[in-house]
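In: Coordinates for the following, if possible.
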Amino acid sequence: MQAFQYYSPTKLVFGLDCLKDNLSKELQIRGYKKVLMTYGGGSIKKTGVYDKVMAELKDAGCEVVELGGIEPNPRVTSVEKGAALCKEHNVDLVIAVGGGSTMDASKHICAAAYYNGAAWDLVLDASKIKKALPLFTVNTIAATGSEYDHAGVITNLETKEKLPIGSVLLWPQVSFLDPSFTYSVPDSQTIAGSCDIMSHFFEAYFVRDLGTIAQGIIEAALKNVIKYTPVALKEHDNYEARANLLWTSTLGCNGISQLGSSVTAFPCHAIEHEVSAYYDITHGIGLAVITPRLLRYFLEKDPSVSPRYVDLACNVFGLKKEDYKSEAELIEAGLVALEDFYKSLGIPENFTKIGITDEHFKAMAAHVNKYWIAPLSLFFVPFTEDDVVEVLKRCL
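Out: Reported below is the predicted structural model:
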């Protein structure tokens, strides 16, 4: 078991109607009065979430400035707008209402509000984040886990880059998680969110030294997503399904599932971020296309990692060793079970189906090698740029 340090300052408020009275109370306790409320395309106004948040802000006596229209792959231009509003109105709190994109952008806004240069500087060099505004989140989709971590991902369309921003200063102070807020999420977003959740746990699962407790957490999380995603798609207002998906999502990126294990380099995310930077595809869908190909390629390059694949087959998909003639057959059955699950959700068969070509693959691989949070040599199986290109080609 690996040594670790863990710190999580975020207060989680989870459950049906958890926003009522609790948001205003948390605002009053901390004395916040000028708030920037961020959100995406406006669905929160149709579902009533916007009105519920505004009622709480009014009860707390807050002055509210709004920034709507944050993109699904949040752009640095939106961050610049938000930071400018914070400076202009002397905002003392940002409250992100929406999904991972809104929360990610809001974290960057919190940092950029105290920075005098270009907001993108903070993505390229997080050491420049010296101070940040406090952040509350109200989550409306089970997907990224951004409500309970200290990082985000931002897109720069001008440079065709999609990179993480992270700092211990960016943990939300309080996150509100009402599963009923996810009832109205379109099926396409529920599917993409579930694929994103699974990928977060796969990234922590496929490491060289997997802690025993971490393994149990990850396998339970994966089984939860596999069990409850079809239920949520069939019964949109099934509270049990939505609650389990939301809680599983929340645990995906805060580090709990990695404690005692080798540090993960997040290889699937590294590759997918390049694809969505160029093609602006839905993040979770890109991850679902890449994941089986990446896992197969890891095993092909280094068959010694096979025990983890056996664990996946047996502990996640419930396959029994005695039903297969060899370990190889068992592993193949486990990978097919994963692929079949993605197919059952309607995930595109390959990148070609969503208009992606190999035109930029070499540039993508070079960018991963230069800018990702960890070197290619620290992937589950050490990679080169050529390996990244090969995985991308197999996704076509």
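In: from here on, contacts and neighbour counts on C-alpha atoms
Out: Will do.
In: How are the strands of the stretch 1-150 of the chain distributed by residue range?
Out: 11-14, 34-38, 63-67, 93-98, 135-139 (DSSP state E, counting those that start in this stretch).
In: Distance check, the spatially most central residue of the chain against residue 110.
Out: For the chain, the residue nearest the mean C-alpha position is residue 144 (2.6 Å; Cα atoms, centre = their mean). Counting by Cα to Cα, to the nearest Å, the gap from residue 144 to residue 110 is 19 Å.
In: residue at max distance from the center of this protein?
Out: The chain, farthest from centre, Cα atoms, centre = their mean: residue 325 at 37.8 Å.
In: Torsion angles phi and psi at that one?
Out: Here is the backbone geometry of residue 325 (degrees, to the nearest 10): phi -70, psi -30.
In: got it, and residue 155?
Out: Dihedral pair for residue 155: phi -110, psi 140, per degrees, to the nearest 10.
In: Repeat that for residue 40.
Out: Per degrees, to the nearest 10, the backbone of residue 40 is at phi -90, psi -120.
In: picking that back up, so the residue nearest to the centre of the chain sits right up against residue 251, yeah?
Out: No. Using Cα atoms under 8 Å, residue 144 makes no contact with residue 251, being 9.5 Å away.
In: export the lowest-mean-pLDDT helix or strand in the chain as PDB, just CAs?
Out: When the helices and strands of the chain are scored by mean pLDDT, DSSP states H and E, strand 161-166 comes last with a mean of 92. C-alpha atoms of strand 161-166 as PDB (Å, rounded to 0.1, in the frame of the first residue of the first chain):
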ATOM      1  CA  GLU A 161      -6.100  23.100 -26.400                       C
ATOM      2  CA  LYS A 162      -8.100  21.500 -23.700                       C
ATOM      3  CA  LEU A 163      -6.100  21.400 -20.500                       C
ATOM      4  CA  PRO A 164      -6.700  20.900 -16.700                       C
ATOM      5  CA  ILE A 165      -6.400  23.700 -14.200                       C
ATOM      6  CA  GLY A 166      -5.900  22.700 -10.500                       C
END
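In: I'd like the distance from that strand to the chain centre, please.
Out: Its chain's C-alpha centre and that of strand 161-166 lie 12 Å apart, by Cα atoms, centre = their mean, to the nearest Å.
In: Repeat that for stretch 82-90.
Out: Once both centres are worked out by Cα atoms, centre = their mean, stretch 82-90 turns out to sit 26 Å from its chain's centre.
In: buried sites along it?
Out: Neighbour-count burial for stretch 82-90 flags 82-83, 85-86 (criterion: 16 or more other Cα atoms under 10 Å).
In: And the residue farthest from the centre of the chain, how close does it get to residue 20?
Out: Applying Cα to Cα to residue 325 and residue 20 gives a distance of 57 Å.
In: quick revisit: shared neighbours, residue 144 and residue 251?
Out: Counting by Cα atoms under 8 Å, 6 or more residues apart in numbering, residue 144 and residue 251 have no common neighbour.
In: how many neighbours does residue 359 have?
Out: 8 (other Cα atoms under 10 Å).
In: And it, what's its pLDDT?
Out: Per-residue confidence (pLDDT) for residue 359: 95.
In: Now do the SS call for it.
Out: coil (DSSP: H, G, I helix; E, B strand; the rest coil).
In: Likewise for residue 175?
Out: Strictly by three-state DSSP, residue 175 counts as strand.
In: Is it bridged to anything, and to what?
Out: Residues in a beta bridge with residue 175, per DSSP bridges, are residue 12, residue 137.
In: going forward can the numbers begin at 37, since that is how I track them
Out: Let's use 37 as the start, then, which means that last one is residue 211.
In: Where does residue 221 sit, in terms of helix or strand?
Out: In the assignment (DSSP states H and E), residue 221 maps to no helix and no strand.
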